[in-house]
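Chemist: give the three-dimensional model of this entry:
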Amino acid sequence: MEGIMTNDRSDRRYISRRAVLGGATLAFGAAAAVVASRAEAQQQLTQSDAKYQTMPKGDQRCSGCYNFQPPGACKFVQGDISPSGWCQLFAPKT
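Modeler: The predicted model follows:
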């Protein structure tokens, strides 16, 4: 097994510090990725809470919003988002 070495002075086996630290680093990285994806999902509002509608409001439409992510998503609103839709979080692209 990699990382397990036999000490010549005795018959004991031990795990190298490098193997322990490498495993801990991988575990921490995986845990951080899960936490980050959960945090991102929690920051999104429901369409109802954002007052999302599939029709534009005047000249304001999702395709002209800074938060729109083509082809049909939003940074802050859950679900499928129409490029011609609108919500109260509209922020015009500059």
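Chemist: residue ranges for the strands of this protein, please.
Modeler: For the chain, applying DSSP state E gives strands covering 4-6, 13-15, 68-69, 73-74.
Chemist: most tightly packed of the ones you listed?
Modeler: Greatest average neighbour count among the strands of the chain goes to strand 73-74 (a mean of 18), per mean count of other CB atoms under 10 Å. C-betas here are computed from N, CA, C, even on glycine.
Chemist: who's in contact with that strand?
Modeler: Contact with strand 73-74 is made by Gln44, Cys62, Cys65, Asn67, Phe68, Asp80, Ile81, Cys87, Leu89, as judged by CB atoms under 8 Å, 6 or more residues apart in numbering.
Chemist: buried ones among these?
Modeler: Buried members of the contacts of strand 73-74, counted by 16 or more other CB atoms under 10 Å: Gln44, Cys62, Cys65, Asn67, Phe68, Ile81, Cys87, Leu89.
Chemist: so the third one touches Gly85, yeah?
Modeler: No: the pair formed by Cys65 and Gly85 falls short of the contact definition of CB atoms under 8 Å, at 9.3 Å.
Chemist: stretch 51-58 - what's its average pLDDT?
Modeler: For stretch 51-58, the mean per-residue pLDDT is 98.
Chemist: list the buried residues for it?
Modeler: Within stretch 51-58, the residues scored as buried using 16+ other CB under 10 Å are Tyr52, Pro56.
Chemist: and stretch 58-68, how far apart are its ends?
Modeler: 17 Å (CA to CA, to the nearest Å).
Chemist: all numbers from here: first residue = 23
Modeler: All set: I'll call the first residue 23, so the last point we hit is now stretch 80-90.
Chemist: in this structure, which spans are helices?
Modeler: Per DSSP state H, the chain carries helices over the ranges 39-65.
Chemist: can you list the low-confidence ranges for it?
Modeler: Counting by pLDDT under 70, the chain shows low-confidence ranges at 23-34, 41-64.
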